[in-house]
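sequence and predicted structure are below.
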Amino acid sequence: LDALPLNARLVLLGDKDQLASVEAGAVLGELCAQSERGLYWAETAQWLQSVTGEHIPQALQDMAGKPLDQAVVMLRTSHRFHAASGIGQLARAVNAGDHKGVKQVLRQGYPDLAAYAVPDITHSSLPHLVVDGGVKRFAGYVSGGNAGPAPVGYAHYLSVLHEMPETGGQDALDAWALRLLAAHSRFQVLCALRGGPWGVEGMNQRIAQLLAHRDLIAHSSGWYAGRPVLVTRNDYSLKLMNGDIGITVEVPLHFQEQSSLANRALAAQNTENEGPDNVANGSSRRALRVVFATSDGLRWVLPSRLQAVETVFAMTIHKSQGSEFEHAAVVLPPGLSPIVTRELVYTGMTRAKNWLTVVAGGGTQFQVLEQAIGLKVRRASGLRQGDL
């Protein structure tokens, strides 16, 4: 702020109801604490109407508003999901801490919403969810009441994985890789915790085992075709950033010979060695590569060069901020944890665009959900003091 010239305009944009920052304080949350009430002066309302043509309802006008309130705008329409949808209604009830509203939404049976308890990670309902998307749990899918894409699980992107072109050169391979990455982004398991059987570590291991048992992937550990990975630290040499997601694929080596100079240089580093980068497949030699979609286009990377990645069949809700998935499955642990708060649950649920599954781990019948929405992060930045 000190670096800004006096004639500059500063715009802060974000969701005040999502998880607070890692650092101390909750700057946006405090600056926008009164945004739902509006608290606009009559002069502010008149100016807004003259500039934008929007009429400010009387309910959002109050001469008791502070100067800061005149500079705060709340965007009230979601373009990810409709407010009247099951996702929208559940997110609203959670965000408001409305326990009765949450129960009512879960009981009502919205076509885009599925919520059920899973007694343990070996229960049959878990493979139905992660493999096929638990489609039969959605009233909208069963009745045809939702016009959007059907809910899918990880079998969907793995089916695209096996459609790799054998001819057509690098252009054909790139087009297929884009389809593969898009297919993978349609479904994501989100966990509240990192450790434990219901956390990212346990769920990643269990999901890999389920997919291997169904012969959808060759292995459940190490490097294998179909393994999705999340970059956990910026790697400027590879031009990959923290949060980038890639898919491990097995391609014939002759494709690598037709790739760009930069990718050929990467491909050449380990082609003489058997190991994580190359596998034998019958009489032909094939190469394992991890493909990422970046702002600079596709990047094909040797697995051995990725030093800070983790399997991402499941990711933490914290890591999912800013992401969007057609179908998100939010997995809640059997017991309440201090980090399982209203903001965490709200953030996880609002990652879903068309379909949302809420899983109560350990068969707890959503007691943890009810307790979590009563826990709200409270951190003071001091920004509401005085006449801001």
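Cool, the structure landed. As the structure is a computational prediction, the values presented were derived from the model and not from experiment.

just the buried positions in the strand or helix carrying residue 204, please.
Using DSSP states H and E, residue 204 sits in helix 200-213. Neighbour-count burial for helix 200-213, counted by 16 or more other CB atoms under 10 Å, picks out 200-208, 210-212. Where C-beta positions appear, they are placed from N, C-alpha and C, glycine not excepted.

can you list contacts of the very next helix or strand once past it?
Downstream of helix 200-213, the first helix or strand assigned by DSSP H and E is strand 228-231. By CB atoms under 8 Å, 6 or more residues apart in numbering, the surrounding residues in contact with strand 228-231 are 184, 240-248, 290, 292, 306, 308-313, 315, 319.

try stretch 237-246
By CB under 8 Å, 6+ apart, stretch 237-246 touches 181, 184-185, 228-235, 290-292, 294, 296, 299, 301, 305-306, 309, 312, 319, 322.

about what we covered before: same list, the buried residues of helix 200-213, but as JSON lines with distance to residue 6 and pLDDT please.
Output for those, formatted as JSON lines (distance: CB to CB, whole Å; pLDDT from 0 to 100):
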{"residue": "200", "distance to residue 6": "47", "pLDDT": "96"}
{"residue": "201", "distance to residue 6": "51", "pLDDT": "96"}
{"residue": "202", "distance to residue 6": "54", "pLDDT": "96"}
{"residue": "203", "distance to residue 6": "52", "pLDDT": "96"}
{"residue": "204", "distance to residue 6": "51", "pLDDT": "97"}
{"residue": "205", "distance to residue 6": "56", "pLDDT": "96"}
{"residue": "206", "distance to residue 6": "57", "pLDDT": "96"}
{"residue": "207", "distance to residue 6": "54", "pLDDT": "97"}
{"residue": "208", "distance to residue 6": "56", "pLDDT": "97"}
{"residue": "210", "distance to residue 6": "60", "pLDDT": "96"}
{"residue": "211", "distance to residue 6": "58", "pLDDT": "97"}
{"residue": "212", "distance to residue 6": "62", "pLDDT": "96"}
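
can you pull out the helices in the chain?
Using DSSP state H, the helices of the chain run over 27-31, 42-52, 86-95, 99-108, 125-132, 139-143, 154-161, 169-184, 200-213, 253-257, 261-268, 317-320, 342-349, 367-372.

okay if I get those as JSON lines plus distance to residue 69?
Formatted as JSON lines, the helices of the chain follow (distance: least, CB to CB, whole Å):
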{"stretch": "helix 27-31", "distance to residue 69": "10"}
{"stretch": "helix 42-52", "distance to residue 69": "8"}
{"stretch": "helix 86-95", "distance to residue 69": "20"}
{"stretch": "helix 99-108", "distance to residue 69": "27"}
{"stretch": "helix 125-132", "distance to residue 69": "44"}
{"stretch": "helix 139-143", "distance to residue 69": "40"}
{"stretch": "helix 154-161", "distance to residue 69": "46"}
{"stretch": "helix 169-184", "distance to residue 69": "42"}
{"stretch": "helix 200-213", "distance to residue 69": "40"}
{"stretch": "helix 253-257", "distance to residue 69": "58"}
{"stretch": "helix 261-268", "distance to residue 69": "51"}
{"stretch": "helix 317-320", "distance to residue 69": "30"}
{"stretch": "helix 342-349", "distance to residue 69": "22"}
{"stretch": "helix 367-372", "distance to residue 69": "30"}
